[in-house]
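Trainee: Coordinates for the following, if possible.
(chains A and B)
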Amino acid sequence: MIQKTVLVVDDETDIRESLKDALGDEGYEVVLASNGKEALQLLPGLSRPCAVILDIIMPIMSGTELYEAMQATPTLANIPVLMSTSDPSRVPSQVPVMKKPINLDRLLKVVAGLF
Amino acid sequence: MSPPVLDSRLLVDDEREIRKPSRLPESPGNDLAIAFDHRVQFYEHEEFLYRVVAEFFGAGQKAGEPLLVIATEPHRRQLLAELGAGGFDVDGLQRSGQLTLLDAAESLAGFMVDGSPDRELFQAQIGSAVAKARSASRNGHIRAFGEMVDLLWQSGNSAAMIRIEELWNELGQDGSLSLLCAYFVSTLDGPGRIEEFQKICAHHAHVIPSEGQSMVGDSSARFDEVRRLQQRAQALEGEIEHRKRLEQALRGALAERKHAEEALRESQQELLDFFENAVEGFHWVGPDGVILAANRAELELLGYNRDEYVGCNIAEFHVDQEVIADILARLGRNETLRGTEARLRCKDGSIKHVLIHSNVFFRDGEFIHTRCFTRDITDRKRLEDELRRQNEDLSRTVRFSEMFVGILGHDLRNPLSAIATAASLLGRRADSDKVAKPATRILNSAARMSRMIDQLLDFTRIRLGKGIPIQQRQTDLAEVCRLAIDELESTGETRKIQLEASGDPSGFWDADRLLQLASNLLANALAHGTGPDPIAIRVDGTDGWVGLEIQNAGVVPPEVMPVLFEPFRSGANEKQARSGGLGLGLFISQQIAISHAGTIEVFSSESEGTRLRVRLPRTPPCSEPAFGSAGDYPQ
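Mentor: Below you'll find the model as predicted:
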C-alpha cells in the first residue's frame, strides 16, 4: 500500500501536533510546517501522493500566499489543499474549507476524500 | 358789447317775470295796486341799469309818487342824466321833494355796526327817509331804488347784504312801497356765490334777469329765457346740494385719510419696533459696505454701541475677509444668501459664529441697501465641534472594536481549535469511559465556547452595520439539518430528533450560515422543549421557496413573544443558561434568514407547542455563485 503524505501548515503548535497524532493514527505520513515559506520549501521533497492542510493567517507567509505560489508552480499546482481557518470568507472560492475549531471526525473524512 | 334794448314790460308789466312767493298780494299788470313790491334786477351793463331805473321811476313820476334813490355818486349822476334825457324835470322834482337822493355808502355807514346792519339804526335812517318821502305822496305809495346791498355784495359781505334785504322786507310792512334792488350780475359767476344768489332770490318777490338773459324780441322768447333762468336756478340748487354732498364726502374722505394716516403711522411704528426689538440680529449695508442701520439684537450680539457699529464698514467686523468679500460680491449680483456662515469679531475680542441670510433692496436697478439677518450659531458650532470630536472618538472605538473582533475571531479560535482537536484525539484513543467521558466533556465545552464566540462576532458585526456576510453556493437544506443533528448527537444529546424532508430541499445559500441557523433553532428547541418529547424538523421545498420548521412541545410565554428575536432578550433565564447560549441564538438566526431574503416566524400554543418556521427563497435576489465547489459541506 502506498504511503499518503499530509503536510500540516499551521502556526499554532498544539494544532499541528494534535493533527499529526490524529492523522498518524489514520496511517498518514505527516509533515509539519509553521508558515507558508517553510511549507513551500518542504513541498518539492514530499513523497507523492500528498495533500496539504493549510491555515491562512500565519507569520512570514500566509496560507493564501502559499496557495498562490503552489498554483504558480506546475509541479505543485495539482496537490490537493484543504484550508482550515477561523475566517472562511478569506478562502479562495475553489478551495475546500474547514472552519476552526476543527471537528476532527469531519476533517479526517474530508482529508480521506482529497486523495 | 353794446347795451341791449330795454323792454320795460319786463319790469312792471310782464307777468312772466320770475315771481317769488310774497307775503303781500300782488296785482299782475299794475304794480300800483301792490302795497309792497320788492324786486331785484340783475344787470351786466350800467347803461341798462340806468334805463331800467328810469323806466321804473317814469311810471311812478306820472302817478305823482315820491321817488327815493339810494345809490353811489356816479350812478346818481348818470341816473339823473338819464331821467333828464327822458323828459324829467330833475331839478323841479328835487325841489318839490318828489325826488330824494341818498348816497349808498354814506347810508350804509349810518346803520352798519361791526360789519352788520343794526336794525334800529336802519329803521331810524332808512325808515325815516321812506316815511318822509311817503308823506309827500298823494296815494301813500312811493318808489325806491337801492344799491346798498350791491355794495355789500361786491365787497363780499353777503351776510349783511341778506340782512338788509330782510330789513327792507320789514320796512315794506309799514306802508305801500315799490323797491327795486340792483345787483351787478357778473359777480354771480363765482361758484362760491351760488348759495348767496339763491338767498337774494328768496328775499325778493320778483327776480328780473340780467339784460343778457332777457333782452329778446318777443314775449314767447322772453318766456323761454325766464324758463331757462328758472331751470338754471333749479340746476344751481341741485349744484348746491351736490356740492354739499361733495363737501360731506370730502369731509368723510379727509377723516378716512386722517384715520389711514394714523394707521400708517402705527404700522410704521410697529415695523420700527419689529426691526429694533426683533430677537434676530438685523442690519442694512450700503453698496460701499458701510453699515446703515443695525438693531439692538445685533449690537448686543457683538457688544458694540450703535455709534461704534453703524457707519463703519461691515468688513471691519468680519474675521474672514474672503468671506465678506464673497458675500458682498454675491449680493451685488442680486443673489439671495441663505445660511451663509461667517465669523464676526465682538468688541471684547471674542469670535461669534453667525449664519447670514441676506438679499438686496434695488430701486430702478440701483443697489440701495442689503437686508441682512444675523443668527448667532456659536453654541451650535461648539456642539458640532464636540459632536465631531465624539464621532472621531466613536470611529476610533469602532476601529478598536473591529480590531477586537478580529483578535477574538482568530486568536481565540486557534487555541480553542487546539483544545477541541486534542480532546477529540483523546476520545478516539481512549480505551475506556474513564478517559472518553472527560474528553467528550472537553469537546462539548469547546463547541459551546465556539458557538458563543461565533455569536459575539456576528452580533458585533451586525451592530456595526455590516450585517451577516453570506457566501452562497448550491446547498441541500435537508443535509444541513442532518449535519446539525449529527453535531448535537455527538455532544451526547439523547433526546430524539426526527427529520422529515419533502420536495426539493436545495437552494443557493450559505451552507455554513444555514448550519449555524439550524443548530441555533435545534438548541433552542431542546432548551425550551419539555421532558423527553421528540423534536421534529421538517424541510419542505415547493416552487421557489424552501421551508424549515422545528417544533417542540414547549410553550413560549405570551410576554416573551414580542421580544423573542431581540438580542440578550429579557426572557433570558436559568433555562436559557442550560442551553449554554448568550441569548443571541434566535436574533442571529433571524439575521441569517434576512441575509438570505427569507423570514423566520414563531407560533406557540398550549395545544400545538412551539413551532419556528423559516422560509428561504431558493435563489435569494442579487446572489451569484461564490464558490465553484464546496468544502466539507454537502452539495
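
Trainee: Contact partners for the residue located most distally from the centre of chain B?
Mentor: Relative to the C-alpha centroid of chain B, counting by Cα atoms, centre = their mean, residue B:431 is the outermost residue, at 97.1 Å. Residues counted as contacts of residue B:431 (Cβ atoms under 8 Å, 6 or more residues apart in numbering or on different chains): none. All C-beta atoms are positioned from the backbone trio N, CA, C, and that covers glycine.

Trainee: how near is residue B:377 to chain A?
Mentor: Per Cβ to the nearest Cβ, to the nearest Å, residue B:377 is found 46 Å from chain A.

Trainee: Quick one: residues contacting that residue.
Mentor: With Cβ under 8 Å, 6+ apart as the criterion, the residues that contact residue B:377 are B:341, B:353-355.

Trainee: Among the residues you listed, name the buried ones.
Mentor: Neighbour counting with 16 or more other Cβ atoms under 10 Å in any protein chain shown marks B:353-355 as buried within these.

Trainee: what about residue 105, how many neighbours?
Mentor: I'll assume chain A. When neighbours are defined as other Cβ atoms under 10 Å in any protein chain shown, residue A:105 has 14 of them.

Trainee: meant chain B, my bad for not saying
Mentor: For residue B:105, the neighbour count with other Cβ under 10 Å is 15.

Trainee: same deal with residue B:117?
Mentor: 24.

Trainee: swap in residue B:158?
Mentor: Other residues lying near residue B:158 total 18 when counted by other Cβ under 10 Å.

Trainee: for the residue nearest to it when sequence neighbours are not counted, what are its contacts?
Mentor: Spatial nearest neighbour of residue B:158, excluding adjacent residues (Cβ to Cβ, 6 or more residues apart in numbering or on different chains): residue B:196 at 4.4 Å. Taking Cβ under 8 Å, 6+ apart as the criterion, residue B:196 is in contact with B:153, B:158, B:161-162.

Trainee: Mind listing what's buried along the longest strand along chain B?
Mentor: When chain B is parsed with DSSP state E, its longest strand is strand B:351-363. Buried positions in strand B:351-363, judged by neighbour count with 16+ other Cβ under 10 Å: B:352-360.

Trainee: Rebuild those residues as a markdown table, extending it with distance to chain A and pLDDT.
Mentor: Formatted as a markdown table, the buried residues of strand B:351-363 follow (distance: Cβ to the nearest Cβ, whole Å; pLDDT from 0 to 100):
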| residue | distance to chain A | pLDDT |
| --- | --- | --- |
| B:352 | 52 | 96 |
| B:353 | 46 | 96 |
| B:354 | 51 | 96 |
| B:355 | 47 | 95 |
| B:356 | 51 | 96 |
| B:357 | 52 | 96 |
| B:358 | 55 | 96 |
| B:359 | 57 | 96 |
| B:360 | 60 | 96 |
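
Trainee: how near is the residue positioned nearest the centre of chain A to residue B:279?
Mentor: In chain A, the residue lying closest to the centroid (Cα atoms, centre = their mean) is residue A:53, at 1.7 Å. Going from residue A:53 to residue B:279 by Cβ to Cβ, to the nearest Å gives 75 Å.

Trainee: same question, residue B:57
Mentor: For residue B:57, the distance to residue B:279 under the criterion Cβ to Cβ works out to 92 Å.

Trainee: now do residue A:22
Mentor: Distance, residue A:22 to residue B:279, by Cβ to Cβ: 80 Å.

Trainee: do the same with residue B:143
Mentor: The spacing between residue B:143 and residue B:279, counted by Cβ to Cβ, is 91 Å.

Trainee: More neighbours: these two, which one.
Mentor: Higher neighbour count among residue B:143 and residue B:279: residue B:143, with 26 against 9, using other Cβ under 10 Å.

Trainee: ok but that one is inside a strand, no?
Mentor: Yes. Counting by DSSP: H, G, I helix; E, B strand; the rest coil, residue B:143 is found in a strand.

Trainee: So it sits against residue B:134, correct?
Mentor: No. Applying Cβ atoms under 8 Å, one finds residue B:143 not in contact with residue B:134, separated by 10.6 Å.

Trainee: who touches both of the two?
Mentor: Shared contacts of residue B:143 and residue B:134, defined by Cβ under 8 Å, 6+ apart, comprise B:66, B:177.

Trainee: How many residues are close by the nearest residue to residue A:88 once chain neighbours are set aside?
Mentor: Spatially, and ignoring its direct neighbours in sequence, residue A:88 is nearest to residue A:97 (4.8 Å; Cβ to Cβ, 6+ apart). By other Cβ under 10 Å, the residues close to residue A:97 number 26.

Trainee: Also residue B:302?
Mentor: 22.

Trainee: Going by neighbour count, list what's buried in the one helix or strand residue B:539 maps to.
Mentor: According to DSSP states H and E, residue B:539 maps onto strand B:535-542. By 16+ other Cβ under 10 Å, the buried positions in strand B:535-542 come out as B:535-541.

Trainee: Show me what secondary structure element comes after it.
Mentor: Per DSSP H and E, strand B:535-542 leads on to strand B:545-552 as the next helix or strand towards the C-terminus.

Trainee: just the CA coordinates of the top helix by length along chain A, formatted as PDB?
Mentor: Longest helix in chain A, counting residues (DSSP state H): helix A:13-25. Provided in PDB are the C-alpha atoms of helix A:13-25 (Å, rounded to 0.1, in the frame of the first residue of the first chain):
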ATOM      1  CA  THR A  13       1.900  24.300  17.600                       C
ATOM      2  CA  ASP A  14      -0.800  22.400  19.600                       C
ATOM      3  CA  ILE A  15      -3.000  22.200  16.500                       C
ATOM      4  CA  ARG A  16      -0.100  21.000  14.400                       C
ATOM      5  CA  GLU A  17       0.900  18.300  16.900                       C
ATOM      6  CA  SER A  18      -2.700  17.100  17.500                       C
ATOM      7  CA  LEU A  19      -3.300  16.800  13.800                       C
ATOM      8  CA  LYS A  20      -0.100  15.000  13.400                       C
ATOM      9  CA  ASP A  21      -1.200  12.500  16.000                       C
ATOM     10  CA  ALA A  22      -4.700  12.100  14.600                       C
ATOM     11  CA  LEU A  23      -3.600  11.800  11.000                       C
ATOM     12  CA  GLY A  24      -0.700   9.500  12.100                       C
ATOM     13  CA  ASP A  25      -3.300   7.200  13.800                       C
END
